[in-house]
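J.: Here is my input; please provide its structure:
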Amino acid sequence: MRRRAALILVLTLVLVGGAGLVAGAQTSGSSIDISDVTITRYPRVQAVVEFRNLQQQLDPTQLQVTENGVAVQDLEVETIAESIVPVGIVFVIDTSGSMAGAPIAAAKRAALSFIDQKRDQDFIALVTFADDVQVLSGFTSSKTALINRVNDIQAGGETAFYDGVVRSSELFSGDAARLEPNMIVLTDGADTVSTATLANAIQATKSIRVFGVALESPDFNPADLEQLASASGGLFLSTPDPAQLSGLYNQIKRELDNKIVVRFTATQSDAGPLDIGVAYAGQTATSTVDVPGFIKETTTTVTTVPTTFAEPAPFSPTNESPLPISTLALIGPVAVGVGLLLFIFILAGPRGEEGASMIQRRLRSYGTQEAKAKGEGGLLRRIFGGVSRGAEEAVRRRGMLNGINGALEQANIPLKAGEAIAAALGLSILAGAIAGVYWRSIVAAGVAFVVAVLFVLLLIQFAGSREKRVFEGQLPDTLTLLSTSLRAGYSLLQAVEAVASEAPQPTSREFGRAMAEARLGVTVVDAMEGISNRMQSEDFSWAVMAIEIQREVGGNLAEVLQTVADTMRQRNRLRGEIKALTAEGRISAIILGALPFVLFAFLFTTNRDYLEPLITRTQGIIAMVVGLVLMAAGWWWLKKIVDIEV
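T.: Prediction:
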């Protein structure tokens, strides 16, 4: 019995001691570090706590955080997998000739498995090295783009290991510097052709955590890769079997997930250094940052951050499409083809005989070619012709035909109302379809359709306004030419013909049409009245009125036209002076009116969550409506100040 008791005691001591040794092995080499601190919204502080080589299960509730040695009171804790903190990972893959065959295939499978498990906030870049270094992809969160790049990897050449590491470290610059930096390096051989050295690689990755993965072979000494991983506080893994790479990548994924994001409201109101400390399972880490401070409240009211307020949206270094590249490659040519087809129809649609002049086509548009159009052209032309005739009939019933024809004539667009409406609707439907497919949203399609219609209307209005401004700018010289022609003994019809042949565009075009109408039996005054109606020029209508009065009561028409020309020239000079004097006010109105919309669009595309309280809460919507009303009032006020009638 004594021997049995002694044996049991010895076995118990051995088991207890062995368990202690195993526990020591699990915790040995582990460390804790504060890898990033964000104070952009101080006094709100965000910190990322990193656990390296942690063997046991991570328990976020055991983490303790202090501010200047005092425990924080409103601590928020979440794992990196639950957070929106952006993490950057560079895959650096050896594609030398020794990796050909099973090794490179296994490396691609392991990389694809890692990509498939990534978060939306994980941004991955792909770099390969052989004879030289190639950056296959910058930082992106698109799984589709990354999978396509990985599948294209081929092996062959020498091994530029050090150059690959140095080049990969340079990707963490610019906007990408906000990412949590990590690098996974896979190689099966020593460096052979790099211009950089191991010291250069270690120096380049001093602020990047490197995970080294070595494919063991008899001729490969992984000491350089192991030293690179150790110097950065990373992890070194090796295996002789390429099939084990997926398991090693899973181990790296677990190591990357051993991070906790903490947030709290700092109480230090003075600008200066802020000491942040963390403790977990007997291990501690500290970090010091300089904070801007804040003004303390003098009242006893306690201001708390609403629990529903969203953190800033994650950083997105690249603007990846929501659709696969193959789908976009199909949509692009189809959209271009449909657009070109519609454009060709607009230019070469059913307008009468080939070679007819613009004036002839204009005059013929007042008649009907319906019977002829039905028998001409192919199926596509007949379809478009039917659509345009239906659109023209629809606007005629609503009394809008004259207005549309007037706008087209003023803008010098050689289309009938139905053709213009069909073309505008076709282009707008095309824009809506592309937007709807691209963003996969009916709302986006509707918005794009409405925007396209408004754009076409504004384009026609802009073209008409430009033609009117040019015509009225030429009007004093036009009246002077009429006056001198009359003094030279020309009749009024001959003077109009002289203007049509010698004046610049658009005056020459309009007077040429007036000549054509006069030869068809319209009086000269009525033909000139048609010019003022088409161009909507009040100044020219006064000149036509003066001509008509003179023809009725008699007098020196040349003298009258010269007087009108001098008056208009003086008015134009005064308009120019006023425009120069009010230029500052007009540009102020444009900038102040556009700035809120431009800033809203920029924030909406880059950090939409930041604007979410403004567009989702009742108070925010009321504020936007009030702001728009005040902006409209201010714009109207500035316009009344600078808009001086002459």
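
J.: How about residues contacting the top strand by length along the chain?
T.: Determined from DSSP state E, the single longest strand within the chain is strand 31-41. Residues from elsewhere that reach strand 31-41 (C-beta atoms under 8 Å, 6 or more residues apart in numbering): 45-53, 85, 180, 233, 259, 274, 276, 278, 280, 283-287, 289, 291-292, 312. (C-beta placed from N, C-alpha, C; glycine too.)

J.: Write the ChimeraX selection for whichever of those residues are buried.
T.: In ChimeraX, this line selects whichever of the contacts of strand 31-41 come out buried by 16 or more other C-beta atoms under 10 Å:
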select :45,46,47,48,49,50,51,52,85,180,233,259,274,276,278,280,285,287,289,291
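
J.: Got the domain ranges for this protein?
T.: Domains of the chain are assigned by automatic domain parsing as 31-80+260-291, 87-256, 327-440, 466-580, 583-642.

J.: Any chance of these in JSON lines with mean pLDDT and distance to Leu459 as columns?
T.: JSON lines is the format used below for the domains of the chain (pLDDT from 0 to 100; distance: least, C-beta to C-beta, whole Å):
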{"stretch": "domain 31-80+260-291", "mean pLDDT": "86", "distance to Leu459": "42"}
{"stretch": "domain 87-256", "mean pLDDT": "88", "distance to Leu459": "35"}
{"stretch": "domain 327-440", "mean pLDDT": "60", "distance to Leu459": "9"}
{"stretch": "domain 466-580", "mean pLDDT": "82", "distance to Leu459": "11"}
{"stretch": "domain 583-642", "mean pLDDT": "83", "distance to Leu459": "19"}
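
J.: Could you say which of those is packed most deeply?
T.: Among those, the stretch with the highest mean neighbour count (mean count of other C-beta atoms under 10 Å) is domain 87-256, at a mean of 19.

J.: I'd like the distance from that one to the chain centre, please.
T.: Relative to its chain's centre, domain 87-256 lies at 30 Å (C-alpha atoms, centre = their mean, to the nearest Å).

J.: okay, how far is it across that domain, tip to tip?
T.: The straight-line separation of the ends of domain 87-256 (C-alpha to C-alpha, to the nearest Å) is 9 Å.

J.: Next: stretch 232-245.
T.: Taking C-alpha to C-alpha, the first and last residues of stretch 232-245 lie 22 Å apart.

J.: Kindly report the same for stretch 36-52.
T.: 15 Å.

J.: just stretch 97-105 next, same as before
T.: Start-to-end span of stretch 97-105 (C-alpha to C-alpha) is 13 Å.

J.: Stretch 55-75 too?
T.: Counting by C-alpha to C-alpha, the terminal residues of stretch 55-75 are separated by 25 Å.

J.: What pLDDT does the model give Glu311?
T.: We note a pLDDT of 47 for Glu311 in this prediction.

J.: before we move on, what about the one 10 residues further on?
T.: Confidence at Ser321, expressed as pLDDT, is 47.

J.: and Gly432, that one's in a helix?
T.: Yes - under DSSP: H, G, I helix; E, B strand; the rest coil, Gly432 falls within a helix.

J.: so it touches Phe449, yeah?
T.: Yes - between Gly432 and Phe449 there is a contact at 3.5 Å, judged by C-beta atoms under 8 Å.

J.: quick one: the strands in the stretch 151-300 of the chain?
T.: Secondary structure of the stretch 151-300 of the chain (DSSP state E, counting those that start in this stretch): strands at 180-187, 209-215, 235-239, 259-265, 272-280, 283-291.

J.: Nearest to Met631 among the ones you listed would be which one?
T.: strand 259-265 (34.7 Å; C-beta to C-beta).

J.: Counting by contacts, list what that closest one packs against.
T.: In terms of contacts (3 or more C-beta pairs under 8 Å, 6 or more residues apart in numbering; DSSP states H and E), strand 259-265 is packed against strand 44-52, strand 64-67, strand 76-79.

J.: Between these, which one is closest to Tyr610.
T.: strand 44-52 (13.4 Å).

J.: Not counting sequence-adjacent ones, nearest residue to Gln117?
T.: Using C-beta to C-beta, 6 or more residues apart in numbering and skipping residues adjacent in sequence, the residue nearest Gln117 is Lys253, 6.2 Å away.

J.: how near is that neighbour to Ile434?
T.: Distance, Lys253 to Ile434, using C-beta to C-beta, to the nearest Å: 38 Å.

J.: what about the host helix or strand of Val470, distance to the chain center?
T.: Element membership for Val470, per DSSP states H and E: helix 442-487. With C-alpha atoms, centre = their mean as the basis, helix 442-487 stands 31 Å off its chain's centre.

J.: Which neighbouring elements make contact with that helix?
T.: helix 401-410, helix 417-439, helix 492-502, helix 507-519, helix 524-535, helix 538-553, helix 557-581.

J.: Which of the domains of the chain sits closest to Phe455?
T.: Closest to Phe455 of the domains of the chain is domain 327-440 (C-beta to C-beta; 8.4 Å).

J.: quick one, phi/psi of Pro222?
T.: Main-chain dihedrals, Pro222, degrees, to the nearest 10: phi -80, psi 20.

J.: got the contact list for it?
T.: Pro222 touches Gly212, Ala214, Glu216, Phe236, Ser238, counting by C-beta under 8 Å, 6+ apart.

J.: who are the neighbours in contact with the third one?
T.: The contact partners of Glu216, by C-beta under 8 Å, 6+ apart, come to Asp188, Pro222, Ser238, Thr239, Pro240.

J.: Next, format these as a markdown table and append distance to Gly512.
T.: Below are those laid out as a markdown table (distance: C-beta to C-beta, whole Å):
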| residue | distance to Gly512 |
| --- | --- |
| Asp188 | 80 |
| Pro222 | 86 |
| Ser238 | 86 |
| Thr239 | 86 |
| Pro240 | 89 |
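
J.: Out of these, which comes closest to Ala420?
T.: Closest approach between the contacts of Glu216 and Ala420, by C-beta to C-beta: Asp188, at 67.0 Å.

J.: Quick check, Val447 in contact with Ala431.
T.: No - between Val447 and Ala431 there is no contact under C-beta under 8 Å: 10.0 Å.

J.: Give the intersection of the neighbour lists for those two.
T.: Common neighbours of Val447 and Ala431, counting by C-beta under 8 Å, 6+ apart, are absent.

J.: Against Val262, how distant is the closest residue to Gly277 other than its chain neighbours?
T.: Of all residues not flanking Gly277 in the chain, Thr66 sits nearest, at 4.2 Å (C-beta to C-beta, 6+ apart). Distance of Thr66 to Val262, given as C-beta to C-beta: 11 Å.

J.: so what sits against both of these two?
T.: Val278.

J.: OK, contacts around Ile295?
T.: Ile295 sits next to Ser269 when contact means C-beta under 8 Å, 6+ apart.

J.: Run the chain-centre distance for stretch 591-610.
T.: 12 Å.

J.: Stretch 630-642 too?
T.: Mean-position distance between stretch 630-642 and its chain equals 31 Å (C-alpha atoms, centre = their mean).

J.: circling back: which among the contacts of Pro222 gets closest to Ala130?
T.: For those, the nearest to Ala130 is Ala214 (17.1 Å; C-beta to C-beta).

J.: Contacts for stretch 483-494, please.
T.: 495, 498-499, 515, 518, 524, 547, 557-559, 561-562, 565.

J.: one more time with 7 Å, if that's ok
T.: Ala495, Ala498, Ala518, Val524, Leu557, Ala558, Leu561, Gln562, Ala565 (C-beta atoms under 7 Å, 6 or more residues apart in numbering).

J.: And that stretch, end to end?
T.: End-to-end distance for stretch 483-494: 12 Å, by C-alpha to C-alpha.

J.: Kindly report the same for stretch 241-261.
T.: Start-to-end, stretch 241-261 (C-alpha to C-alpha) is 36 Å.

J.: chain center to that stretch: distance?
T.: 34 Å.

J.: Let's verify Ile84: helix, strand, or coil?
T.: Per three-state DSSP, Ile84 ends up coil.

J.: just checking, it touches Asp120?
T.: No - when contacts are counted by C-beta atoms under 7 Å, Ile84 is not listed as touching Asp120 (8.6 Å).
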